[in-house]
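Enquirer: Give me the fold of what follows.
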Amino acid sequence: MEQRKSFWLAFLFAMGIDGAGHIYLGRYRRGSAWLLGSLFCCNAFLYFVIKGDFGYWNILFPLILSFIYRIFQIVDLILVYKSKVYEATRTLTWQYCVFGLCFLISCFHIISALIPYNVYTIPSAGMENTIKIGDVLIADNHFVKGEVEYRRGDIVVFIFPFDNVTRYVQRIIALPEDTLEITDGAVFVNGTKQPLPDDSKPGSEMPSDPRLSHLNRIIIPQGEVFVMGDNRNHSYDSRIFGPVPMRNLRETAYRIIWSKDFDRIGKIIE
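Expert: As a prediction, this is how the structure comes out:
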């Protein structure tokens, strides 16, 4: 006697991986088509998030499209199930599903390793107002691959040199062999005063640490950079822990993809 497959199990498969519900019902080509369409949607999502310039629509528009795509897929799954045109025998369906799941997970990890962007959530105020607490940003690791040279003013993600685990995001102030001096909070690089970035937090408050206001003239060693937070009166940076080895630099901050302030979503970090 033929065993009818469970719609709810097919539904759960479809919720987990696009096309998996159709594959479970034996509609392999249709399931593969839904899966390929999902991969296309993911690429479109990444394009809007990384390259788009539409504010909060960078996130909202791809989410709406993904929701509509999922609705159409479930409707098609219902039609396939009602048509009874599927393989109802207990052959290798489970094995195929498990193998397909493992294959997709492997592909996800490989693609994640190849995509030159990472996502970070900011927990502290050291870079305000350029980057605020709770902001979610994407960072570009082309610099790590040596495709672009670092410049003064770049906002970089680096591994804290004293534990080699924690990641910080701060602005490069001085490069190797630059001379640097801080007097009454004013920063001088190669004898030229460095203005605060336009979005930095006003420095009306007293510094949280006296070391933030004064630093005798130093020369940045080869292979190191001097970094500071834009919220200069309240930032734990190179003024306290010293220059950062360039081998610890990981990415450059690129774009804010989520913020409590919706107007900041999609903003390029400069």
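Enquirer: When you work out contacts or count neighbours from here on, use the C-alpha atoms and nothing else.
Expert: OK.
Enquirer: just the helices in the stretch 51-200 of the chain please.
Expert: 57-83, 93-114 (DSSP state H, counting those that start in this stretch).
Enquirer: Ranked by average pLDDT, which of those falls at the bottom?
Expert: Mean pLDDT is lowest for helix 93-114 among these, at a mean of 56.
Enquirer: So which residues make contact with stretch 213-229?
Expert: By CA atoms under 8 Å, 6 or more residues apart in numbering, the list of residues contacting stretch 213-229 from outside reads 126-128, 169-186, 207, 233, 235-239, 242-247.
Enquirer: where does the stretch 101-250 of the chain dip in pLDDT?
Expert: Along the stretch 101-250 of the chain, segments meeting pLDDT under 70 span 101-116, 142-148, 198-209.
Enquirer: any idea how far Arg167 is from Trp258?
Expert: Going from Arg167 to Trp258 by CA to CA, to the nearest Å gives 19 Å.
Enquirer: My error: substitute Ser83 in the last question.
Expert: Ser83 is 43 Å from Trp258, by CA to CA.
Enquirer: Neighbour count: the two, which is higher?
Expert: Trp258 (23 against 9; other CA atoms under 10 Å).
Enquirer: since we're on Glu270, how many residues are nearby?
Expert: That count, for Glu270 with other CA under 10 Å as the rule, works out to 15.
Enquirer: ah, wrong one, I meant Pro195
Expert: Counted with other CA under 10 Å, Pro195 comes out at 9.
Enquirer: show me the contacts for the residue found closest to it once you drop the neighbours it is linked to in the chain.
Expert: Closest residue to Pro195 apart from its sequence neighbours, by CA to CA, 6 or more residues apart in numbering: Val187 at 7.8 Å. Taking CA under 8 Å, 6+ apart, we find Val187 in contact with Leu180, Glu181, Lys193, Gln194, Pro195.
Enquirer: which one of those is nearest Thr121?
Expert: Within the contacts of Val187, the smallest distance to Thr121 is 26.8 Å, found for Pro195 (CA to CA).
Enquirer: how much space is there between the closest one and Asn129?
Expert: Pro195 is 15 Å from Asn129, by CA to CA.
Enquirer: cool, Val169 as well?
Expert: Distance, Val169 to Asn129, by CA to CA: 13 Å.
Enquirer: Please identify which of those two sits among more neighbours.
Expert: Val169 (27 against 16).
Enquirer: Would you confirm that the more buried one contacts Phe160?
Expert: No - here Val169 does not reach Phe160: they are 9.8 Å apart, not a contact under CA atoms under 8 Å.
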